[in-house]
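Student: Have a look; sequence and predicted model below, questions after that.
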Amino acid sequence: MGSCCICPSTCIETYRSRQFIPVVQGLVQCEFAYKEIVKQDFEKKSSELGKRIKKLEEEKIQKKILKLISGK
């Protein structure tokens with residue numbers, strides 16, 4: 001961009017757009033940080049649920065085995 005402006009409103013728009021860029025970059029960084037936190041929270045909950053499911057399946061199998069043993 002040149003240092004000469006054709007119209008004063010163009011100068012104001014150019015100046016404002018330069019101020020706007022850092023603000024937008026900050027928002028984008030916050031959004032990425034927020035998404036990373038949400039992702040980590042999801043992974044933690046998913047892992048916990050996976051462990052609970054595995055434990056319940058093992059308990060179910062043990063109950064079936066006990067039922068078979070006691071039935072004989």
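Tutor: All right, it came through fine.
Student: Around residue 52, how many other residues sit close by?
Tutor: 10 (other C-beta atoms under 10 Å). Using the backbone N, CA and C atoms, a C-beta is placed for each residue, glycine as well.
Student: Then residue 28?
Tutor: Around residue 28 there are 10 other residues, counting by other C-beta under 10 Å.
Student: next one: residue 59
Tutor: A count of nearby residues for residue 59, using other C-beta under 10 Å, gives 10.
Student: which stretch of helix or strand covers it?
Tutor: Using DSSP states H and E, residue 59 sits in helix 8-71.
Student: Could I get the average pLDDT for that helix?
Tutor: Averaging pLDDT along helix 8-71 yields 82.
Student: name the helices or strands packed onto it?
Tutor: Counting contacts by 3 or more C-beta pairs under 8 Å, 6 or more residues apart in numbering; DSSP states H and E, helix 8-71 is packed against no other helix or strand.
Student: how close does residue 32 get to residue 44?
Tutor: As for residue 32, its distance to residue 44 is 19 Å (criterion: C-beta to C-beta, to the nearest Å).
Student: pLDDT value on residue 2, please?
Tutor: Taken from the predicted model, the pLDDT recorded for residue 2 is 50.
Student: Of all the residues in stretch 39-51, which ones are buried?
Tutor: By neighbour count on 16 or more other C-beta atoms under 10 Å, the buried set for stretch 39-51 is empty.
Student: Give me the contact list for that stretch.
Tutor: Contacts made with stretch 39-51 from outside it, assessed by C-beta atoms under 8 Å, 6 or more residues apart in numbering, are absent: no residue qualifies.
Student: Export only the CA atoms of it, formatted as PDB.
Tutor: Extracted in PDB, the C-alpha atoms of stretch 39-51 (Å, rounded to 0.1, in the frame of the first residue of the first chain):
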ATOM      1  CA  LYS A  39     -10.700 -32.400  22.700                       C
ATOM      2  CA  GLN A  40      -8.700 -33.400  25.800                       C
ATOM      3  CA  ASP A  41     -11.900 -33.500  27.900                       C
ATOM      4  CA  PHE A  42     -13.600 -35.700  25.300                       C
ATOM      5  CA  GLU A  43     -10.700 -38.100  25.100                       C
ATOM      6  CA  LYS A  44     -10.600 -38.400  28.900                       C
ATOM      7  CA  LYS A  45     -14.300 -39.100  29.200                       C
ATOM      8  CA  SER A  46     -14.100 -41.500  26.200                       C
ATOM      9  CA  SER A  47     -11.300 -43.400  27.900                       C
ATOM     10  CA  GLU A  48     -13.200 -43.600  31.200                       C
ATOM     11  CA  LEU A  49     -16.300 -44.900  29.500                       C
ATOM     12  CA  GLY A  50     -14.200 -47.500  27.600                       C
ATOM     13  CA  LYS A  51     -12.800 -48.800  30.800                       C
END
